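**Student:** Predicted model and sequence follow; I will ask about them next.
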Amino acid sequence: MSKFFLTLLSIIVVLTTACHSAKIETPTISAAAPAHSTSSEPAFKPEPRPTDAEVREAIIRNYEDAAVIDNSRRTSFLVGDFNGDNSEDIAIVVKPAKGKLSKLNSEYANWILEDPRQPVHSKDLKSRPAPITVTSKDSLLAVIHGVKSEGWRNAIAKQTYLLKNAVGESFEKQANHGKTRFAGDVIREKLDGTDGIIYFTGAKYAWHPII
Amino acid sequence: MRALRFIVFAATLAALLILPATNRTVQSVAGTQEADQANIAATTDATWTSGSVDLEGVPENDTTTFFFTRKEEEAGATTATATSKSTASLLVDPCAQPEIAEAPAFGFDDFTNGLIDQGDPKDPAEGTFLADKETFEEVDEIEKGLGPVYNAQSCKECHQNPVTGAISQINELRAGHTVNNVFSDAPGGSLINQRGIPTDNYDDPTHKSAKVQERVPPLYTAGIVGGGPPITGEEKTRTFRTSLNTLGDGFVEAVADGTLVSLAAKQKGDTHQEVHGLVINVPVLEANNKKRVGRFGWKNQHASLLSFSADAYLNEIGITNRLILTENTSLGRFVGFGSGFDKVRDDKPCIDDPGITCGEDEEQDIDVFAEFMRATQAPPQDKDIQNDIRFAADINIGRNLFESMNGQYSCSVCHVPTLQTANRCQPLNAGEFPNPLALARKRFHPFGDFLLHDIGTGDFIVQNGGPVTRTTVRTAPLWGVRTRVSLMHDGETHTSREAILRHDGEAQQVRLRFQALSEDDKRRLIMFLESL
């Protein structure tokens, strides 16, 4: 008799607890945000150092004959996961090829031409920013987003941003380590004597001076 | 003894069967009271699975109520009218099925789609389109319940260009933080309201302050509200979201769950799984939180226009209503009635139905908002451009490219040109809304699939769809896109070409095909977009 009731009681306790647990699945709102950090290291495994031929191939794949690598610089490219999608990207310093300015500035171009230092929304309508145009003297930063594990070497890695006024001194990749609000690595450099970073906002590349 | 054992066993069994049922009831009531779950990051995925919701009269392998191309639609037209009835029988039989027909698409005319009467422009009677529109345009004040935190004083502030119900340049801001790919809301929810009502100064009550204003944390001095601690911890995951069009949304609501489920399956099959729209089930607030396939909002966080209205009235304007009676917080801090900030009670009865609690929305405006949206016509395409002899041929080629590039699938696999609404009288919205004649068996052209996709643009916010939706946004329906200055969900892109080039992830193959087009064909495709 007592065994029967004990067994029955156990079943009731187990089932009631289960019902209660199922009921409190709904997430609750926290009253104050705890301190937190963003995941820092990219999950992708960096590939071996790019060869000159690979970098050249990436430029030709994306810009055909319109841009050439600017070899006058000590560092002409950086690799990192700049858009934070766990695929290796490359940022290459390029210059316009002779006679190809119109192609670089084409309204049908397969790249997005941007000036990371130019505000998108001008506060003063009288000083509306001029359209971004590549000139023959420009040094440009071509950022090519990688695809899957092959990264920027992938033959279909063709999402690319061409950045004007973005090539400066002390040019280096900096792992994010949660320092920016975006997941990707950043490009640390000095532009016109100002230290700062170029980072991907999720939509475009932007400049953030570090004062 | 045996009899006693049997009685105890039977009583226990009965209790065990009744207990969960009682809990469900309690839960659903509590759920209705705290029904703002659409804006709270769910920890479990809401992914649709077979049998999880009523498909509303359309089987999950249907191919007759959506069309990726004009060719498919033409083929579908020959088989579509088999069960339809004559106009005369429609009047006699309240559930006779009408012929399949084009949905009225003159949404910029400010004219009803036939769901309700238009009304007299000088003095529209209650329940007419023009009267509903006036309510949609009504400016709410603090005395009515505006705020304490809010984004706008009227629906039309976000839905007005070029007419009431359409889009605007206004962006909503959401924020939270992400640790190891897990998103957590900013305190109180990811929506950061950009406006707040004036509040009393503590030190000098003769002057006003702005203590309830939300901002993106950290806010080291914000703890002054309610005497709480400072809000530390930066909310690094942030995104803007553009205001969405609501014209023609009655037709979107009238699409059966089965259509969206079938569309997702065909999309996956036609693209060898490259494109795989995500279908999620979300609560219908007016149906005691029963689930339906989500389709409204950038995260598909709502399935019915009434739920959407209730959400927006609370979260965008700050007015509690019969479906959501809990006032918004200011970054998780209570600022509702009783805090000293909000002067309007949230337990007021409805004027027309005192048995129901309406909160600050005593006149039940949420029902009027929903009725207005249901009665709008679809946004029109620009026929002047499409028929202009200078552009027509190019636009036609552009449309063909939109449907197929290089012999393969193209933009239209997600920006779906044609959807068809459910049958007349079909119970929609978890049984709460029998499909009316004006919305039944209508074909319309949203150039959207109302599914969630990861195209590499984020927005990294989780709402009621759960973690699986973190990197997804709903396909932007392109109807009326010519009225937009800022494109994509975040409004961060300003030309069609750049918008296309931003497509990655599931849309990568189509973007590559676009990049491979000649300059002329790129121009033609963009000309077609300019005509939408």
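**Tutor:** That came in fine, so what should we check first?
**Student:** average model confidence for stretch B:168-187?
**Tutor:** Confidence for stretch B:168-187, expressed as mean pLDDT, is 93.
**Student:** With only the CA atoms kept, save it in PDB.
**Tutor:** Written as PDB, here are the backbone C-alpha positions of stretch B:168-187 (Å, rounded to 0.1, in the frame of the first residue of the first chain):
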ATOM      1  CA  SER B 168       9.100  57.400 -45.000                       C
ATOM      2  CA  GLN B 169      12.700  58.400 -44.600                       C
ATOM      3  CA  ILE B 170      12.500  57.600 -40.900                       C
ATOM      4  CA  ASN B 171      14.800  54.900 -39.500                       C
ATOM      5  CA  GLU B 172      14.300  52.900 -36.400                       C
ATOM      6  CA  LEU B 173      17.300  52.100 -34.200                       C
ATOM      7  CA  ARG B 174      17.900  48.700 -32.500                       C
ATOM      8  CA  ALA B 175      20.800  47.700 -30.300                       C
ATOM      9  CA  GLY B 176      22.100  44.900 -28.100                       C
ATOM     10  CA  HIS B 177      25.300  42.900 -27.700                       C
ATOM     11  CA  THR B 178      26.700  39.800 -29.100                       C
ATOM     12  CA  VAL B 179      28.900  37.300 -27.300                       C
ATOM     13  CA  ASN B 180      30.000  34.200 -29.100                       C
ATOM     14  CA  ASN B 181      27.400  34.800 -31.800                       C
ATOM     15  CA  VAL B 182      24.600  35.000 -29.200                       C
ATOM     16  CA  PHE B 183      22.600  38.200 -29.300                       C
ATOM     17  CA  SER B 184      21.200  39.800 -26.200                       C
ATOM     18  CA  ASP B 185      18.900  42.800 -26.100                       C
ATOM     19  CA  ALA B 186      19.800  46.200 -24.800                       C
ATOM     20  CA  PRO B 187      18.000  46.600 -21.400                       C
END
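**Student:** residues of that stretch that come out buried?
**Tutor:** Buried residues in stretch B:168-187, defined by neighbour count with 16 or more other CB atoms under 10 Å in any protein chain shown: B:168, B:170-178, B:183-187. Where C-beta positions appear, they are placed from N, C-alpha and C, glycine not excepted.
**Student:** nearest to residue B:40, of these?
**Tutor:** residue B:185 (6.3 Å; CB to CB).
**Student:** isn't the closest one right up against residue B:37?
**Tutor:** No - with contact defined as CB atoms under 8 Å, residue B:185 does not count as touching residue B:37 (11.5 Å).
**Student:** Which pLDDT value belongs to residue 47?
**Tutor:** All of this is about chain A. 68.
**Student:** ah, I was thinking of chain B
**Tutor:** Checking the pLDDT column for residue B:47, the value is 97.
**Student:** hey, what's it bridged with?
**Tutor:** Under the criterion DSSP bridges, residue B:47 forms beta bridges with residue B:280.
**Student:** quick one, what contacts it?
**Tutor:** B:278, B:279, B:280, B:281, B:466, B:468 (CB atoms under 8 Å, 6 or more residues apart in numbering or on different chains).
**Student:** From the buried residues of stretch B:168-187, pick the one nearest residue A:78.
**Tutor:** Among the buried residues of stretch B:168-187, and counting by CB to CB, the member closest to residue A:78 is residue B:178, at 24.6 Å.
**Student:** any weak-confidence spans in the stretch 401-532 of chain B?
**Tutor:** Along the stretch 401-532 of chain B, the model assigns pLDDT under 70 to no residue.
**Student:** tell me the contacts of the nearest residue to residue B:480 once chain neighbours are set aside?
**Tutor:** Spatial nearest neighbour of residue B:480, excluding adjacent residues (CB to CB, 6 or more residues apart in numbering or on different chains): residue B:379 at 3.5 Å. By CB under 8 Å, 6+ apart, the contact set of residue B:379 is B:105, B:107, B:108, B:166, B:245, B:247, B:248, B:479, B:480, B:483.
**Student:** between the residues you listed, which has the most around it?
**Tutor:** Within those, neighbour counts (other CB atoms under 10 Å in any protein chain shown) peak at residue B:248, which reaches 29 neighbours.
**Student:** so that residue makes contact with residue B:375?
**Tutor:** No - Residue B:248 sits out of contact with residue B:375 when judged by CB under 8 Å, with a separation of 10.4 Å.
**Student:** now the contacts of residue B:379 as CSV including secondary structure?
**Tutor:** Output for those, formatted as CSV (DSSP: H, G, I helix; E, B strand; the rest coil):
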residue, secondary structure
B:105, coil
B:107, helix
B:108, helix
B:166, coil
B:245, coil
B:247, coil
B:248, coil
B:479, coil
B:480, coil
B:483, helix
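**Student:** List just the nearest of these to chain A.
**Tutor:** residue B:483 (18.9 Å; CB to the nearest CB).
**Student:** which residues does the closest one contact?
**Tutor:** B:161, B:162, B:166, B:167, B:379.
**Student:** need the next SSE after the lowest-mean-pLDDT helix or strand in chain A, C-terminal direction.
**Tutor:** Counting by mean pLDDT, DSSP states H and E, chain A has its least confident helix or strand at helix A:2-23, which shows a mean of 44. Next helix or strand after helix A:2-23 toward the C-terminus (DSSP states H and E): helix A:52-63.
**Student:** Please see if the next helix or strand after that next one touches chain B.
**Tutor:** Using DSSP H and E, the helix or strand that follows helix A:52-63 towards the C-terminus is strand A:67-69. No - Strand A:67-69 lies apart from chain B when judged by CB under 8 Å from any CB of the partner chain; the minimum separation is 15.8 Å.
**Student:** Which strands or helices does strand A:67-69 pack on?
**Tutor:** helix A:52-63, strand A:89-96 (3 or more CB pairs under 8 Å, 6 or more residues apart in numbering or on different chains; DSSP states H and E).
**Student:** Including mean pLDDT, distance to chain B and mean neighbour count, could these go into JSON lines?
**Tutor:** Shown next, in JSON lines, are the helices and strands packed on strand A:67-69 (pLDDT from 0 to 100; distance: least, CB to the nearest CB, whole Å; neighbours: other CB atoms under 10 Å in any protein chain shown):
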{"stretch": "helix A:52-63", "mean pLDDT": "97", "distance to chain B": "9", "mean neighbour count": "17"}
{"stretch": "strand A:89-96", "mean pLDDT": "97", "distance to chain B": "12", "mean neighbour count": "24"}
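**Student:** Take the ones you listed and write them to CSV, including distance to residue B:426.
**Tutor:** As requested, the helices and strands packed on strand A:67-69 are exported to CSV (distance: least, CB to CB, whole Å):
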stretch, distance to residue B:426
helix A:52-63, 50
strand A:89-96, 49
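**Student:** Figure out which of the ones you listed is closest to residue A:118.
**Tutor:** Closest approach to residue A:118 among the helices and strands packed on strand A:67-69 (CB to CB): strand A:89-96, 18.4 Å.
**Student:** neighbouring strands for the closest one, and are they parallel or not?
**Tutor:** For strand A:89-96, pairing defined by DSSP bridges yields strand A:67-69 (antiparallel), strand A:77-80 (antiparallel), strand A:140-145 (antiparallel).
**Student:** out of those, nearest to residue B:336?
**Tutor:** That would be, of the strands paired with strand A:89-96 and by CB to CB, strand A:140-145, which comes in at 45.5 Å.
**Student:** With only the CA atoms kept, save stretch A:132-143 in CSV.
**Tutor:** Extracted in CSV, the C-alpha atoms of stretch A:132-143 (Å, rounded to 0.1, in the frame of the first residue of the first chain):
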residue,chain,number,x,y,z
ILE,A,132,33.7,60.5,-55.2
THR,A,133,35.9,60.4,-58.3
VAL,A,134,39.1,58.6,-58.8
THR,A,135,41.9,60.7,-60.2
SER,A,136,45.2,59.6,-61.8
LYS,A,137,47.2,60.6,-58.7
ASP,A,138,45.0,58.6,-56.2
SER,A,139,46.3,55.7,-54.2
LEU,A,140,43.4,53.5,-53.5
LEU,A,141,42.6,50.6,-51.2
ALA,A,142,40.9,47.7,-52.8
VAL,A,143,39.2,45.5,-50.3
